[in-house]
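Q: Below are the sequence and a predicted model for it; my questions follow.
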Amino acid sequence: METVSGNSPEPWTAARGPARQIGIVLFEGFSLLRAGIVAEVFNKANQLAVAGSAVNWIYTVKMLSLAGGNVPCSSSVHLWTERFDVRQYQNFDALFIGGGKGAQDASLEEALLGRMRFGYASGTLRGTPGTRSNFASPGLMGAGDRPGFGSHGDADSDEDCFSAMASALMLVKYDLGHDVAREVGEQVLPGTGAKLAMLLAEAGVTSVADKVRASARWLKDNCERSISVADAAQVAAMSERNYLRRFKDEIGITPSEYLLRARLDMVCRLLIETDLPVDKIARRIGMANGDRLAKIFRKRLFVSPTEYRLQNRQNQAAS
């Protein structure tokens, strides 16, 4: 199976909401079992990530096809899909290309994958800092399995199922850490513990620094929601105490201060770009009311939100 990713410097962008957008592009004759395994990996990851947290989900999975509508799998079961245009690749954090007769069309595959690969960095799965880089990894989709989820009519072997799960687990490991990825794998395909250990070890260990930086991006991308430092610690797969210390060492400020700065940055943008009243802006960034926002804003920027908006608009009019 092949995985490609959208082009953006940071994961879970606020413009599209807090969850990673995962697309599974299906063609006629795809393997329903393997497509389901990929989807279940992200479902299990969501369940583990949000347990006891204010976060609602980490991944949103959509079934896609080039024409949209019902797509028959290799066992003649029809699955409803949303229409996917190759120009929409930037709407997704990762795309899993399913198999089937359509995927065997070399020209179609070249147009689809070639477009999505354009401009992407590689190496994310080896622990290189960055997000939405190319999550494709050698061996996920070899010459003998070019269609991705399997050719039309092929039976699903244990190895096929494990391969389908493995590619999705790489993204889960990058986002949520080794332990969560291992637990997801054991729940999706019980009895594969030894292979999972080898797979996750070969994929490279995500460093503590990478986890902290990823959690900082998560704080920034979700600053408009009612989140806490405990939620960010869970995203980094650390205890809250260890997370606070590691975050300060790596970023230079506390997670709470980082979150507040991210929220104030968003407030400044909303004051300049919209006519929303201060109360609505406060609620949009997870604060209780406009009075609290105004107090913090004045303390940090030495001006009220209303004065800040007026000054910026006067400057824009004068320029």
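A: Received, thanks.
Q: Let me see the domain layout of this structure.
A: For the chain, automatic domain parsing gives the domain ranges 2-202, 208-318.
Q: any idea how far residue 27 is from residue 97?
A: Going from residue 97 to residue 27 by Cβ to Cβ, to the nearest Å gives 9 Å. Where C-beta positions appear, they are placed from N, C-alpha and C, glycine not excepted.
Q: Which of the domains of the chain has the highest mean neighbour count?
A: domain 2-202 (a mean of 19; mean count of other Cβ atoms under 10 Å).
Q: one step back: which stretch in the domains of the chain has the least confidence?
A: In terms of mean pLDDT, the lowest-scoring of the domains of the chain is domain 2-202 (a mean of 66).
Q: Check whether residue 23 sits in a helix, strand or coil.
A: strand (DSSP: H, G, I helix; E, B strand; the rest coil).
Q: again with residue 287
A: Assignment for residue 287 (three-state DSSP): coil.
Q: For it, give me its contacts.
A: 263, 293, 296 (Cβ atoms under 8 Å, 6 or more residues apart in numbering).
Q: Repeat that for residue 244.
A: 229, 233, 254-255.
Q: Would you format those as JSON lines with secondary structure and distance to residue 47 included?
A: Shown next, in JSON lines, are the contacts of residue 244 (DSSP: H, G, I helix; E, B strand; the rest coil; distance: Cβ to Cβ, whole Å):
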{"residue": "229", "secondary structure": "helix", "distance to residue 47": "22"}
{"residue": "233", "secondary structure": "helix", "distance to residue 47": "18"}
{"residue": "254", "secondary structure": "coil", "distance to residue 47": "29"}
{"residue": "255", "secondary structure": "helix", "distance to residue 47": "24"}
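Q: Name the nearest of those residues relative to residue 159.
A: residue 233 (36.7 Å; Cβ to Cβ).
Q: Not counting its neighbours along the chain, what's nearest residue 20?
A: Spatial nearest neighbour of residue 20, excluding adjacent residues (Cβ to Cβ, 6 or more residues apart in numbering): residue 93 at 4.2 Å.
Q: outside of stretch 182-201, which residues touch it?
A: Under Cβ under 8 Å, 6+ apart, the answer for stretch 182-201 is 37, 40-41, 44-45, 48, 161-162, 165-166, 169, 172-173, 178, 181.
Q: how far away is residue 29 from residue 240?
A: Distance from residue 29 to residue 240, by Cβ to Cβ: 48 Å.
Q: now swap in residue 32 and tell me
A: From residue 32 to residue 240 the distance is 41 Å (Cβ to Cβ).
Q: Check which element follows the particular helix or strand that has residue 196 in it along the chain.
A: Secondary structure assignment for residue 196, by DSSP states H and E: helix 193-202. Next along the chain after helix 193-202, taking DSSP H and E as the criterion, comes helix 208-221.
Q: Kindly indicate which of the contacts of residue 244 lies nearest residue 76.
A: residue 233 (46.9 Å).
Q: re the thing from before, ok, so of the contacts of stretch 182-201, who is nearest residue 23?
A: Nearest member of the contacts of stretch 182-201 to residue 23, counting by Cβ to Cβ, is residue 41, at 14.1 Å.
Q: about what we covered before: and the contacts of residue 244, which two are the farthest apart?
A: The widest separation within these (Cβ to Cβ) is 12.2 Å, between 233 and 254.
Q: Tell me which other helices or strands the strand or helix carrying residue 45 touches.
A: Per DSSP H and E: residue 45 is located in helix 32-50. In terms of contacts (3 or more Cβ pairs under 8 Å, 6 or more residues apart in numbering; DSSP states H and E), helix 32-50 is packed against strand 20-25, strand 59-65, helix 158-176, helix 178-188.
Q: list the contacts for residue 245?
A: Taking Cβ under 8 Å, 6+ apart as the definition, residue 245 has no contacts.
Q: ok, now residue 272?
A: 309, 312-313.
Q: likewise residue 295?
A: Here residue 295 is in contact with no residues (criterion: Cβ under 8 Å, 6+ apart).
Q: Surely residue 292 and residue 282 touch.
A: Yes - assessed by Cβ atoms under 8 Å, residue 292 is found in contact with residue 282 at 6.7 Å.
Q: Output the one helix or strand residue 269 maps to as PDB, nothing but the C-alphas.
A: If you go by DSSP H and E, residue 269 is part of helix 255-273. Provided in PDB are the C-alpha atoms of helix 255-273 (Å, rounded to 0.1, in the frame of the first residue of the first chain):
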ATOM      1  CA  PRO A 255       3.200  24.800  27.600                       C
ATOM      2  CA  SER A 256       0.700  27.200  29.300                       C
ATOM      3  CA  GLU A 257       2.600  30.200  28.100                       C
ATOM      4  CA  TYR A 258       3.000  28.800  24.600                       C
ATOM      5  CA  LEU A 259      -0.700  28.100  24.400                       C
ATOM      6  CA  LEU A 260      -1.500  31.600  25.600                       C
ATOM      7  CA  ARG A 261       0.800  33.200  23.000                       C
ATOM      8  CA  ALA A 262      -0.800  31.100  20.300                       C
ATOM      9  CA  ARG A 263      -4.300  32.200  21.400                       C
ATOM     10  CA  LEU A 264      -3.200  35.900  21.500                       C
ATOM     11  CA  ASP A 265      -1.800  35.500  18.000                       C
ATOM     12  CA  MET A 266      -5.200  34.200  16.800                       C
ATOM     13  CA  VAL A 267      -7.000  37.100  18.600                       C
ATOM     14  CA  CYS A 268      -4.800  39.600  16.800                       C
ATOM     15  CA  ARG A 269      -5.600  38.100  13.500                       C
ATOM     16  CA  LEU A 270      -9.300  38.000  14.200                       C
ATOM     17  CA  LEU A 271      -9.300  41.600  15.400                       C
ATOM     18  CA  ILE A 272      -7.600  42.700  12.200                       C
ATOM     19  CA  GLU A 273      -9.400  40.400   9.700                       C
END
